[in-house]
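Novice: With the sequence up front, the predicted model follows.
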Amino acid sequence: MTGAKIAPWKKDRVGELAAVITADGVLGIVDVGGVPAKNMLAMRNSLRSKMSITMAKKTLMRLAWEQAGRPSQELDTLFEGASQPAFVHSETMNAFQLFNELEKTRQGRAAKEGEISPIDIVIEKGPTEFGPGPIVGEFNAVGIPAKIDKGKVAIQRTSTVVEKGEAISGDMGIMLAKLGIHPIEIGIILTGAIDDGYLFEADSLNLDVDGFRRDVITATSTAFNLACNVRWFSAQTMPTLLGKASGEALSVAMEAGISNDVTIPLFISRANARALALAGQLDSSALDDGLSAALGAAAATSSVPAATSDAADSADEKTVEEEEEEEEEPEFDGLGDLFG
């Protein structure tokens, strides 16, 4: 008894599929089951520049897999949960990028008669967009408690109308759609991928990218702070360490009274500010025109409002008196000498 002949077109098709499997890049299996033709066309058009999707019967895909020399158990793993599998291939993305791109195709659609609910379908209490009419009876007929409230149809209480795993009736699917609830999820769903010879199942590709990015930023910041605190010299830490050392050296020089091109302008500025503070405590009759003008300019440009309470005035006077005692120098004969 002779074996059944294999149609030439099937051999050619298997060869084409084997070429896809062995091509450079990442190869995955996707499930396109339940996706309407119109939605599928739109999804494929949006992905065309990033990947190719090749559809074929499971038997031909298995033959091509064997012809490509891949272990059959890999394909069995990738076929799990795929009612209508297809090959997906990309030369520009890795397995994780492929997963994230395909996740964008997920969308909901209205439930049809007899379809199994993948989730608990909960109707929330509250008003709807519908006005009074027969729709109230239609909602109640399928178990959605509704009534007229303030001229609108309102759901009377929050309730689970279909539990996960239950079949959805045709009437329930219609009423859910009217409420904007589309419980049946469709999309080009990746079940797994082979990248650089390694098999990745879909669960291992589903990463929290934003969380991972935050963790990397936190770890980098912590490592940088630690490196600076232990004086670890590198191209990244040197600018910060030099800046900190420069600031600390300047503080020491100011406290020690060391005069140079950097500290002298700061000394002059500090002395001028303290002199103005002292002058501000004097009666206006004791000030010459220069001091009066300087005090007026300082008052006009100051961003800190003057204290108005007696307690604040007392504290300011005490501070000025202490600074006057600390900074008193024998070479100054009067306030006029401070300003030249």
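Specialist: Received, thanks. Residues are numbered from 1 along each chain as shown.
Novice: Could you break this structure into its assigned domains?
Specialist: For the chain, the structural domains run 8-106+187-207, 121-183, 212-256, 263-338, going by automatic domain parsing.
Novice: Now tabulate the ones you listed in JSON lines and tack on mean pLDDT and distance to residue 112.
Specialist: Quick note: C-beta positions are derived from backbone N, CA and C, even for glycine. Formatted as JSON lines, the domains of the chain follow (pLDDT from 0 to 100; distance: least, CB to CB, whole Å):
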{"stretch": "domain 8-106+187-207", "mean pLDDT": "92", "distance to residue 112": "10"}
{"stretch": "domain 121-183", "mean pLDDT": "93", "distance to residue 112": "6"}
{"stretch": "domain 212-256", "mean pLDDT": "91", "distance to residue 112": "38"}
{"stretch": "domain 263-338", "mean pLDDT": "61", "distance to residue 112": "69"}
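Novice: Using CSV, lay out these together with distance to residue 114.
Specialist: CSV is the format used below for those (distance: least, CB to CB, whole Å):
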stretch, distance to residue 114
domain 8-106+187-207, 13
domain 121-183, 5
domain 212-256, 41
domain 263-338, 73
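Novice: Including mean neighbour count and distance to residue 115, could the ones you listed go into TSV?
Specialist: Shown next, in TSV, are the domains of the chain (neighbours: other CB atoms under 10 Å; distance: least, CB to CB, whole Å):
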stretch	mean neighbour count	distance to residue 115
domain 8-106+187-207	16	9
domain 121-183	15	5
domain 212-256	11	36
domain 263-338	11	68
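Novice: and of these, who's closest to residue 113?
Specialist: Minimum separation from residue 113 across those (CB to CB) falls at domain 121-183, 3.7 Å.
Novice: Now do the end-to-end distance for the closest one.
Specialist: End-to-end distance of domain 121-183 (CA to CA, to the nearest Å): 7 Å.
Novice: Same check on stretch 250-263?
Specialist: The first and last residues of stretch 250-263 sit 7 Å apart, counting by CA to CA.
Novice: which other residues reach that stretch?
Specialist: For stretch 250-263, the surrounding residues in contact (CB atoms under 8 Å, 6 or more residues apart in numbering) are 266, 267.
Novice: one more time with 7 Å
Specialist: Outside of stretch 250-263, the residues within contact range by CB atoms under 7 Å, 6 or more residues apart in numbering are residue 266.
Novice: Near residue 259, how many other residues are there?
Specialist: 10 (other CB atoms under 10 Å).
Novice: how far away is it from residue 72?
Specialist: 85 Å (CB to CB, to the nearest Å).
Novice: again, but for residue 128
Specialist: Counting by CB to CB, the separation of residue 128 from residue 72 is 53 Å.
Novice: Torsion angles phi and psi at residue 235?
Specialist: As for residue 235, its main-chain torsions (degrees, to the nearest 10) stand at phi -60, psi -30.
Novice: for residue 187, that is, sorry about that
Specialist: Torsion angles, degrees, to the nearest 10, at residue 187: phi 150, psi 170.
Novice: is it true that it touches residue 106?
Specialist: Yes - here residue 187 reaches residue 106: they are 3.9 Å apart, a contact under CB atoms under 7 Å.
Novice: Residues that sit against both of the two, list them.
Specialist: Common contacts of residue 187 and residue 106 (CB under 7 Å, 6+ apart): none found.
Novice: This structure: strands as residue ranges?
Specialist: 26-31, 52-55, 85-90, 107-109, 121-123, 126-127, 146-149, 152-155, 159-162, 184-186, 189-195, 198-201 (DSSP state E).
Novice: got the ones you listed as a markdown table, with distance to residue 41 columns?
Specialist: A markdown table is the format used below for the strands of the chain (distance: least, CB to CB, whole Å):
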| stretch | distance to residue 41 |
| --- | --- |
| strand 26-31 | 15 |
| strand 52-55 | 11 |
| strand 85-90 | 14 |
| strand 107-109 | 14 |
| strand 121-123 | 29 |
| strand 126-127 | 37 |
| strand 146-149 | 37 |
| strand 152-155 | 36 |
| strand 159-162 | 30 |
| strand 184-186 | 13 |
| strand 189-195 | 17 |
| strand 198-201 | 28 |
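Novice: among those, which is nearest residue 275?
Specialist: The nearest among those, by CB to CB, is strand 126-127 at 70.6 Å.
Novice: ok, the closest one: who's next to it in the sheet?
Specialist: If you go by DSSP bridges, strand 126-127 pairs up with strand 152-155 (antiparallel).
Novice: returning to that earlier point: the strands of the chain: which one's closest to residue 44?
Specialist: For the strands of the chain, proximity to residue 44 was assessed by CB to CB; strand 52-55 is nearest, at 5.9 Å.
Novice: Show me what that closest one is packed up against.
Specialist: strand 85-90 (3 or more CB pairs under 7 Å, 6 or more residues apart in numbering; DSSP states H and E).
Novice: how far off strand 189-195 does the strand it packs on point, in degrees?
Specialist: Counting by axes from the mean of the first three to the mean of the last three CA atoms, to 10 degrees, strand 85-90 lies at 50 degrees to strand 189-195.
Novice: Packing partners of strand 85-90?
Specialist: Packing partners of strand 85-90 (3+ CB pairs under 7 Å, 6+ apart): helix 8-22, strand 26-31, strand 52-55.
Novice: and it, how far from the chain's centre?
Specialist: Counting by CA atoms, centre = their mean, to the nearest Å, strand 85-90 is centred 29 Å from the centre of its parent chain.
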